[in-house]
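> What shape does this take:
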Amino acid sequence: QVRLVESGGGLVQAGGSLRLSCAASGSIGSLNAMGWYRQAPGKQRELVALITSGGITNYADSVKDRFTISRDNAKNTVYLQMNSLKPEDTAVYYCNAAARPWGNSKTYDFWGQGTQVTVSS
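Coordinates of the predicted model:
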């Protein structure tokens, strides 16, 4: 199986920055798109940013020009640089990867355990 471990969350003041990391490990045959989602209390989980294995990115309108997603394919790691943070960015951030486990012909969605990001006003 594929395991995703996030790090980098925390408490920051509005206008500040945080960098999230998510490392994939386990029996990885291939990693396709990787992304970050978030879920605020009482709200549905939403896509924040996505990056394909070839480096094509997609962002939610609410984070464009503030957040940057990147990946290091050699390290099986995806990053989310978050700048100009706002209180409404407060949420649990989840890493997601579309991955094909080694020896398997199918691709599955895998999720990390989530990391809390809290932005104070």
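
> How about the residue in the chain that sits furthest from its center?
Gly103 (25.6 Å; Cα atoms, centre = their mean).

> Surely that residue forms part of a strand?
No - counting by DSSP: H, G, I helix; E, B strand; the rest coil, Gly103 falls outside a strand, being coil.

> Go through the helix or strand where Asn32 lies and flag the buried ones.
Asn32 belongs to strand 28-39 when assigned by DSSP states H and E. Residues of strand 28-39 classed as buried by neighbour count (16 or more other Cβ atoms under 10 Å): Ile28, Leu31, Ala33, Met34, Gly35, Trp36, Tyr37, Arg38. Heads up, the C-betas are built off the backbone N, CA and C, glycines and all.

> Show me what it is packed up against.
Counting contacts by 3 or more Cβ pairs under 8 Å, 6 or more residues apart in numbering; DSSP states H and E, strand 28-39 packs against strand 18-26, strand 46-51, strand 67-72, strand 77-82, strand 91-101.

> Which strands border it, and is each parallel or antiparallel?
Strand 28-39 has the following strand partners under DSSP bridges: strand 46-51 (antiparallel), strand 91-101 (antiparallel).

> Quick check: which of those is buried the most?
strand 91-101 (a mean of 21; mean count of other Cβ atoms under 10 Å).
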